[in-house]
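# Build me a structure from this.
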Amino acid sequence: MVNNQHSRSNKRPEKSTESDDFISGPVTRVKHTRKDESRILVLDYLPDGKGFGQTKQREPTIQGIGTTWFSLLDIVVEKRSSYPLFTELPLPKISEKTPIRQIKRRITVNDLTNTGHNSLEEAVINIINKNEKRFVSFFNKAQPITNRIHSLQLIPGIGKKLMWEILQSRKGIPFVSFSDIEERVKISDIRKMIFNRIMQELEEDQKHRLFTANPDSGQRR
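Okay, here's the model as predicted:
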């Protein structure tokens, strides 16, 4: 995630014909840090486990997506039951009961079952809608990554022109909702733009991550 401790001053420097740099001074780099989840949405439930033949895991298994960092997880539940798609379940911790017995491993999009893959888009959009405040806050606080790239530009559909419009607009009054951003900056379907960035981070090896956990920070419990 982007470190937002630096100044929010976004005074635009004079354009230079000598360089494409758009900002001077210190920049904030996206750090690859461990990000744990507390809840997941069910993408698929396999009552007989996964695999084939001798490699088959006979433990009832859920494939789920974290509701904070979009981590894809293989999870073992205590016993067979009914776990409809998009059911929200807490991950194991002392203060809350859960049918989840163990987080087996972090997985990738390629590890998802057909059902899990087909459920992924709706699950991600559900999480975006439920966490609108978090994503609006990103647009209010997003900072440069390097002297040439702003974190806003990592979102598909946002180029330099639109980036500057967002930075100028938020200086006066912070954005309060998706619709507020769309009306003030004259863009449409900002949820889809966020969704496309999240899918890029889930499906591809991204140097900078805005909304997802580094896949190397495997969560086990």
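# Would you mind splitting this protein into its domains for me?
Residue ranges for the structural domains of the chain, counted by automatic domain parsing, are given in the record as 7-34+131-221, 39-115.
# average pLDDT for stretch 151-167?
Summarised as a single mean, pLDDT over stretch 151-167 is 96.
# can you pull the buried residues of that stretch?
By 16 or more other Cβ atoms under 10 Å, the buried positions in stretch 151-167 come out as Ser151, Leu152, Gln153, Leu154, Ile155, Ile158, Leu162, Met163, Ile166, Leu167. No exception for glycine: its C-beta is placed from N, CA and C like everyone else's.
# Settle this for me: the fifth one is touching Lys192, isn't it.
No: the pair formed by Ile155 and Lys192 falls short of the contact definition of Cβ atoms under 8 Å, at 10.4 Å.
# what is in contact with those two at once?
Contact criterion Cβ atoms under 8 Å, 6 or more residues apart in numbering; residues shared by Ile155 and Lys192: none found.
# Next, the buried residues of the lowest-mean-pLDDT helix or strand in the chain.
With mean pLDDT, DSSP states H and E as the measure, the helix or strand of the chain carrying the lowest mean pLDDT is strand 100-106 (a mean of 91). Within strand 100-106, the residues that count as buried by 16+ other Cβ under 10 Å are Ile100, Ile103, Lys104, Arg106.
# Quickly, which of the domains of the chain bottoms out on average pLDDT?
By mean pLDDT, the lowest-scoring of those turns out to be domain 7-34+131-221, with a mean of 79.
# from the chain's centre, how far out does it sit?
Relative to the chain's own centre, domain 7-34+131-221 is displaced by 13 Å; criterion: Cα atoms, centre = their mean, to the nearest Å.
# Show residues contacting the longest helix along the chain.
Ranked by residue count under DSSP state H, the longest helix found in the chain is helix 114-130. Residues from elsewhere that reach helix 114-130 (Cβ under 8 Å, 6+ apart): 41, 43-44, 63, 65, 67, 70, 85-86, 109, 112, 135, 191, 194-195, 198-199, 202.
# Okay, angle between the following helix or strand past that helix and helix 114-130 too, please.
Beyond helix 114-130 on the C-terminal side, the first helix or strand identified by DSSP states H and E is helix 132-141. Between the axis of helix 132-141 and that of helix 114-130 there is an angle of 70 degrees, by axes from the mean of the first three to the mean of the last three Cα atoms, to 10 degrees.
# and the next element down the chain from helix 132-141?
Once the chain leaves helix 132-141, the next helix or strand it forms, by DSSP H and E, is helix 160-172.
# returning to that earlier point: which one of the buried residues of stretch 151-167 is nearest to Val176?
Nearest to Val176, judged by Cβ to Cβ, of the buried residues of stretch 151-167 is Ile166 at 14.1 Å.
# which residue sits closest to that closest one, ignoring its sequence neighbours?
With Cβ to Cβ, 6 or more residues apart in numbering as the measure, Val185 is the residue that lies nearest to Ile166, at 5.5 Å, once sequence neighbours are left out.
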